[in-house]
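Q: below: sequence and its predicted model.
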Amino acid sequence: MTAKIIDGKAFAATVRGEVAEHVARLKEEHGLTPGLAVVLVGEDPASQVYVRSKGKMTAEVGMNSYEHRLDADTAEAELLALIKRLNADRDVHGILVQLPLPKHLDEDLVINAIDPEKDVDGFHISNVGLLGTGQKSMVPCTPLGCLMMLRDHHGSLSGMDAVVIGRSNIVGKPMAQLLLGDSCTVTIAHSRTKDLPQVVRRADIVVAAVGRPEMVPGDWIKPGATVIDVGINRIGAPEKGTNEDGSVKTRLVGDCHFESCAAVAGAITPVPGGVGPMTIACLLANTVTACCRANGLPEPEGLTA
Ligand SMILES: Nc1nc2c(c(=O)[nH]1)N[C@@H](CN(C=O)c1ccc(C(=O)N[C@@H](CCC(=O)O)C(=O)O)cc1)CN2
């Protein structure tokens with residue numbers, strides 16, 4: 001069997017198109033422009049790329065983008081004061097603090113300072129609790145993107161066996177909650193899980209979110225299963241040669257060994273071009289949702305969990 005490749009890049013473009021249509025309607029019918037504030041502390045190179053791309057895509061769908069770049073040694077009190085100002089700003093409907101933060105800053109404290117209704121990352125403890133109890137919440141972008149791809153591929157997920165590999169607060173746990181919400185039978189597997197290959201072989205849906213390059217081989221996958229690979233790992237690629245400075249070139253791989261998994265699975269997301277692009281598309285979707293909720297307007301259909 002050769003798996004269908006789930007094209008996250010193309011799907012994300014469709015989601016952004018739907019967001020743009022909704023934004024145009026909000027402007028025309030209600031004189032509202034959703035606004036997203038992104039806060040970056042420090043100069044982490046990957047974070048700079050993600051923040052730039054968030055700003056560009058926010059503008060492309062017609063929303064207002066507010067970028068706040070702070071020095072790596074910014075004091076916690078200064079960051080909290082900025083969040084307080086953004087919480088009070090009526091033009092800002094979504095607030096995101098790019099992670100990871102420099103070590104001296106308390107990530108939980110900072111995230112929980114964001115108004116939960118503007119928490120478009122869905123990381124605030126109130127949103128975690130609402131999602132965990134099946135109530136309306138802001139849903140973390142990466143798991144929301146995975147859910148959208150799964151629903152698009154399968155229609156209903158009801159009754160399917162799902163295994164989520166990884167128990168992080170940002171992906172593994174919310175992913176499991178979302179799958180449960182769609183009536184899957186859900187197992188969360190992790191580094192201490194006994195006989196992991198056997199557990200994964202039971203699954204109709206495998207979501208790999210461990211951050212270990214190519215950890216899941218094809219012989220762990222049940223024939224025909226759907227594999228959602230959340231991992232984005234940069235590894236050395238000597239076959240691509242060297243850079244000008246003599247260092248070995250690199251390439252991106254997921255948590256699943258793509259070729260062997262694709263040979264067995266029914267469908268699979270690639271890395272790059274799978275889950276990653278959906279993360280930013282869902283951030284834009286969450287910002288529109290937050291704007292609608294803040295103004296007592298109906299939420300966009302198909303853009304929330
Ligand atoms: N506050 C947050 N911080 C971080 C989040 C988040 O959701 N909220 N997620 C990641 C980074 N991230 C967005 O912020 C992100 C990661 C990857 C991609 C993506 O499109 N990746 C591409 C490959 C990119 C490359 O070439 O390196 C892909 O998978 O195709 C988008 C967004 C951590 N921080």
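A: Everything's here; your move.

Q: neighbours around the residue nearest to Val97 when sequence neighbours are not counted, how many?
A: Leaving out its chain neighbours, the residue that sits closest to Val97 by C-beta to C-beta, 6 or more residues apart in numbering is Val39, at 4.7 Å. Placement of C-beta: from N, CA and C, glycine included. A count of nearby residues for Val39, using other C-beta atoms under 10 Å, gives 22.

Q: what do you get for Pro102?
A: Neighbours of Pro102 (other C-beta under 10 Å): 15.

Q: and Ala81, by the same measure?
A: 12.

Q: that one sits in which helix or strand?
A: Taking DSSP states H and E as the definition, one finds Ala81 inside helix 76-88.

Q: ok so, going back, and the residue nearest to Val97, bridged to which residues?
A: The residues listed as beta-bridge partners of Val39 by DSSP bridges are His68, Val97.

Q: identify the residues contacting it.
A: Shown in contact with Val39 (C-beta atoms under 8 Å, 6 or more residues apart in numbering): 68, 70, 79, 82-83, 86, 95-98.

Q: what does the helix holding Ala81 contact?
A: The contact list for helix 76-88, computed with C-beta under 8 Å, 6+ apart, reads 37, 39, 41, 66, 68, 70, 92, 95, 97, 104-106, 109-110, 113-115, 118.

Q: same question, stretch 141-158
A: Under the contact criterion C-beta under 8 Å, 6+ apart, stretch 141-158 has outside partners 4, 6, 8, 11-12, 15, 120-122, 160, 170-171, 174-175, 178-179, 182-184, 205, 207, 209, 226, 228, 230, 267, 269, 275, 278-283, 285-286, 304-305.

Q: out of these, which touch the ligand?
A: Within the set of the contacts of stretch 141-158, contact with the ligand (C-beta under 6 Å from any ligand atom) is found for 121, 279-280.

Q: so which of these is the closest to Glu60?
A: Among those, Ile280 lies closest to Glu60 (C-beta to C-beta), at 10.7 Å.

Q: check which helix or strand covers that closest one.
A: With the criterion set as DSSP H and E, the secondary-structure element containing Ile280 is helix 275-294.

Q: and for Leu283, nearest residue in space, chain neighbours not counted?
A: Nearest residue to Leu283, sequence neighbours excluded (C-beta to C-beta, 6+ apart): Cys141, at 4.8 Å.

Q: swap that for Lys249, sorry
A: Distances taken as C-beta to C-beta, 6+ apart place Lys240 nearest to Lys249, at 3.9 Å, with adjacent residues excluded.

Q: close enough to count as contact, that neighbour and Ser247?
A: No. At 11.4 Å, Lys240 does not count as touching Ser247 under the criterion of C-beta atoms under 8 Å.

Q: list the residues that contact whichever residue of the stretch 51-200 of the chain sits closest to the ligand.
A: Nearest residue of the stretch 51-200 of the chain to the ligand, counting by C-beta to the nearest ligand atom: Leu99, 3.7 Å away. If you count contacts by C-beta under 8 Å, 6+ apart, Leu99 has them with 47, 107, 170.

Q: again, 7 Å this time
A: Leu99 makes contact with Glu107 under the criterion C-beta atoms under 7 Å, 6 or more residues apart in numbering.

Q: quick one, grab the pLDDT at it.
A: For Leu99, the model assigns a pLDDT of 97.

Q: now stretch 180-200: mean pLDDT?
A: In this model, stretch 180-200 has an average pLDDT of 97.

Q: from the contacts of helix 76-88, which are also near the ligand?
A: Among the contacts of helix 76-88, the ones lying close to the ligand by the criterion of C-beta under 6 Å from any ligand atom are Val97.

Q: so which of the contacts of helix 76-88 sit within strands?
A: Secondary structure of the contacts of helix 76-88 is defined by DSSP state E; positions in strands are 37, 39, 41, 66, 68, 70, 95, 97.

Q: which of these sit farthest apart?
A: Across those, the longest distance by C-beta to C-beta is 15.2 Å; it joins Val41 and Tyr66.

Q: longest helix anywhere in the chain?
A: Of all the segments assigned as helix in the chain under DSSP state H, the longest by residue count is helix 8-30.

Q: neighbouring contacts of it?
A: Among residues not part of helix 8-30, those counted as contacts by C-beta under 7 Å, 6+ apart are 32-34, 57, 61-63, 148-149, 152, 269, 273-278, 281, 284-285, 288, 291, 295, 297, 300, 302-303.

Q: quick check: buried residues in that helix?
A: 8, 11-12, 15-16, 18-20, 22-23, 26 (16 or more other C-beta atoms under 10 Å).

Q: which of these lies closest to the ligand?
A: When these are compared for distance to the ligand (C-beta to the nearest ligand atom), Gly8 comes out closest, at 6.8 Å.
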